[in-house]
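In: Dropping the sequence and predicted coords here.
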Amino acid sequence: MISPIAPSANNFVRLALVSFLSIVALAALVFVAVWASEHMRITILLLSLSGSAVLFIKKWPEFFPILYFSSYIFKGILLETVSFFNIVDFTILISSLSVALTLAKLGRRNELWLMKIPLGMVPMMLFTGVLAMSHLYTISYEYGGYKLISFIAFNLSLFFVGAYFPNTHSMLKRLVYSYIFIAIFTTFLSAYVLYSFIQQGELEKILRLSFLGVNPIAFSAYISGALLCIIILWDNKWRLTKKLLFFLCATILFSAALLANSRGPMLSFLIVIGFLFLRKMIKQPRFQYILIFFAAIAFVIMLVSLLPENLTNRYDISQLTSNQANKLPVNTVATRLHFWSVSIDMALKSPQTFLFGNGIGSFVREIYTYDFRWYPHNIFFEILSEQGMVGLVIFLFLIGTAGFSASRIIQSASGEQKKIAITFLVLLIYFLLCAQFSGDLNDNRRIWFIIGLIGAQYRLVFGNGERAEDLQNAG
């Protein structure tokens, strides 16, 4: 019988306080290093990283996997401010620490040489093999090789860390809370940037709010995912202090997501919220349906009417025009539609390209005449054009396996276990929706980490042969 740890409100506040103070201390050291001399900067940075590693490994080991999951948020500012990270790549550093910590945990549990294969590992390895095979016939050999190496080094390792690092249900819960804490921290720093823009009178810059130069699309998807975690974990049985804390966090994250003004993440968020809303409505008395529906419509209309014109004109579909000089659409929505059309045409060139694609990284050569990093901004069309139907079917099988696993956990467990499973499933759906509008396989590496976490929870729930009724009693 599984007995998950359900920390009290005092334990939660203690965790939040320790986490916040630890992150603030680390950030203070980093900012001190920015203004110090070069040698002192590197020394302070190394000492802070070493001290933080020791502290977090002992008291908050979940920090490293979530920091790895969030590395793209912090990498840009570290490259700009600390020259050390021009020599040592931050993502490589944090991924190495996360993998090493995961291997150490497996060794400590005597599971290093007898690792159980998590659900999803077989289709994940098959998909990686298809990517590798497609490099043999790609026209974009240089970028395709870089893309393949990046996928193996980071996406595959994120899946590995997600699948093998958590070994208790309480650790899975702490991973979710860690994600929320880091998202809140980055949003607070973004609020400082917002304040500085207002002080300087540069109001137009706040309409694509981001975290210290990070792509607003990536920033919006990141914080919206944390907001979804809060919505799902919300429990009316919480104490008032915890409710107020989470409500404040949700308000901050929602405001930042709105100011980021990224259409893909915002649309994906609304779709997921709409699905959760409809699921909740089914349990309500029928006469309440219409009232709730019209209340939601009124809220959206009021929200849009209050937004400035230069914030809402990005959603004007009448701007779907093309530039006749370069034959590429001007509006970003039309650009994506054009790229999707090109990717489908690539797949339909011949029976061979339909089955096996044109090779990894080959999409860019259909748009431009030289080899560099570019993609269709849709993960399904990207796989179809580069790995064909074979790659797409394996990818869909991988996603379906993860979805089936999460659904089975939700049906078998209850309480906090069930909420964590719902959180992972919703995050998987949300990040998949975001991947339909922006990024490529490597940009959307959050998906692989969530799939790994679902496999880890599935192993914890069913790996030792527990009965469903035991799980429900434990919840």
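Out: Perfect, I can see it now.

In: for the record, mean pLDDT for whichever strand or helix holds Thr251?
Out: Taking DSSP states H and E as the criterion, Thr251 maps to helix 240-260. What helix 240-260 shows for mean pLDDT is 85.

In: I'd like to know which elements it is packed against.
Out: helix 9-35, helix 169-199, helix 216-233, helix 263-281 (3 or more CB pairs under 8 Å, 6 or more residues apart in numbering; DSSP states H and E). C-beta: built from backbone N, CA, C; applies to glycine.

In: Confirm that Asn442 lies within a strand, as I assumed.
Out: No - secondary structure of Asn442 (DSSP: H, G, I helix; E, B strand; the rest coil): coil, not part of a strand.

In: from now on call the first residue 16
Out: OK, 16 is where the count begins now, so the last one is Asn457.

In: Can you verify my assumption that it contacts Ile167?
Out: No - between Asn457 and Ile167 there is no contact under CB atoms under 8 Å: 10.3 Å.

In: The two: who's more crowded?
Out: Shown here are Asn457 and Ile167; by other CB atoms under 10 Å, Asn457 has more neighbours (19 against 13).

In: Now do the contacts for Ser453.
Out: Neighbour list for Ser453: 232-233, 236, 277, 279-280, 392 [criterion: CB atoms under 8 Å, 6 or more residues apart in numbering].

In: Where does Thr143 sit, in terms of helix or strand?
Out: Going by DSSP H and E, Thr143 is in helix 136-149.

In: Mind listing what's buried along that helix?
Out: Neighbour-count burial for helix 136-149 flags 136, 138-139, 141-143, 145-146, 148-149 (criterion: 16 or more other CB atoms under 10 Å).

In: packing partners for it?
Out: Secondary-structure packing of helix 136-149 (3+ CB pairs under 8 Å, 6+ apart): helix 156-165, helix 171-179, helix 394-427, helix 461-477.

In: Any chance of JSON lines for those helices, columns mean pLDDT, mean neighbour count and distance to Leu190?
Out: Formatted as JSON lines, the helices and strands packed on helix 136-149 follow (pLDDT from 0 to 100; neighbours: other CB atoms under 10 Å; distance: least, CB to CB, whole Å):
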{"stretch": "helix 156-165", "mean pLDDT": "89", "mean neighbour count": "18", "distance to Leu190": "24"}
{"stretch": "helix 171-179", "mean pLDDT": "91", "mean neighbour count": "24", "distance to Leu190": "9"}
{"stretch": "helix 394-427", "mean pLDDT": "92", "mean neighbour count": "21", "distance to Leu190": "15"}
{"stretch": "helix 461-477", "mean pLDDT": "91", "mean neighbour count": "25", "distance to Leu190": "7"}
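
In: As JSON lines, these with distance to Leu363 would be great.
Out: Formatted as JSON lines, the helices and strands packed on helix 136-149 follow (distance: least, CB to CB, whole Å):
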{"stretch": "helix 156-165", "distance to Leu363": "21"}
{"stretch": "helix 171-179", "distance to Leu363": "30"}
{"stretch": "helix 394-427", "distance to Leu363": "10"}
{"stretch": "helix 461-477", "distance to Leu363": "26"}
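
In: Figure out which of those helices is closest to Asn125.
Out: helix 171-179 (13.4 Å; CB to CB).

In: what's near enough to touch Ala421?
Out: For Ala421, the contacting residues are 436-437, 439-440, 443, 469, 472-473, by CB under 8 Å, 6+ apart.

In: what's the closest non-adjacent residue to it?
Out: Leu440 (3.9 Å; CB to CB, 6 or more residues apart in numbering).

In: wait, that neighbour sits on Ile466?
Out: No - in this structure Leu440 lies outside contact range of Ile466 using CB under 8 Å: 10.8 Å.

In: Ala115: how many residues sit nearby?
Out: Neighbour tally, Ala115, other CB under 10 Å: 11.

In: and if you look at Tyr152?
Out: If you count neighbours by other CB under 10 Å, Tyr152 ends up with 16.

In: Tell me if I am right that Phe439 is in a helix.
Out: Yes - with three-state DSSP as the criterion, Phe439 is part of a helix.

In: Tell me the spatial nearest neighbour of it, not counting adjacent residues.
Out: Spatially, and ignoring its direct neighbours in sequence, Phe439 is nearest to Ile469 (5.0 Å; CB to CB, 6+ apart).

In: contacting residues around stretch 465-483?
Out: 16-17, 131, 133-136, 139, 173-184, 187, 190, 413-414, 417, 420-421, 423-424, 427-428, 432, 435-436, 439-440, 442-443, 446, 486.

In: what about 7 Å?
Out: Outside stretch 465-483, the residues that touch it by CB atoms under 7 Å, 6 or more residues apart in numbering are 16-17, 131, 133-135, 173-179, 181, 184, 187, 190, 413, 417, 420-421, 424, 427-428, 435-436, 439, 442-443, 446, 486.

In: do stretch 236-254 as well
Out: Contacts to stretch 236-254, defined as CB under 7 Å, 6+ apart, come from residues 24, 85, 88, 191, 194-195, 198, 202, 261, 264-265, 268-269, 271-272, 280, 284, 287, 434, 437-438, 441-442, 445-446, 449.

In: got the CA positions of stretch 193-201 in CSV?
Out: Extracted C-alpha coordinates of stretch 193-201, given in CSV (Å, rounded to 0.1, in the frame of the first residue of the first chain):
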residue,chain,number,x,y,z
SER,A,193,9.2,23.6,-7.6
TYR,A,194,8.0,24.4,-11.1
ILE,A,195,5.5,26.9,-9.7
PHE,A,196,8.0,28.5,-7.4
ILE,A,197,10.6,29.1,-10.2
ALA,A,198,7.9,30.4,-12.5
ILE,A,199,6.8,32.9,-9.8
PHE,A,200,10.4,33.9,-9.2
THR,A,201,11.0,34.7,-12.9
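
In: Give the rounded mean pLDDT of it.
Out: 86.

In: Flag every buried residue along it.
Out: 193-201.

In: Name the nearest of the residues you listed relative to Leu399.
Out: Comparing these against Leu399 with CB to CB places Tyr194 closest, at 30.8 Å.

In: looking at it, that closest one is touching Tyr83, isn't it?
Out: No - judged on CB atoms under 7 Å, Tyr194 makes no contact with Tyr83 at a distance of 11.5 Å.

In: Using the three-state scheme, assign Tyr390.
Out: When classified by three-state DSSP, Tyr390 comes out as coil.

In: phi, psi of it?
Out: phi -160, psi 170 (degrees, to the nearest 10).

In: distance of it from Trp355?
Out: When CB to CB, to the nearest Å is the yardstick, Tyr390 and Trp355 sit 11 Å from each other.

In: Please apply the same query to Met140.
Out: 28 Å.

In: Kindly report the same for Thr143.
Out: Look at Thr143 and Trp355: by CB to CB, they are 25 Å apart.

In: Next: Thr106.
Out: Distance, Thr106 to Trp355, using CB to CB: 29 Å.
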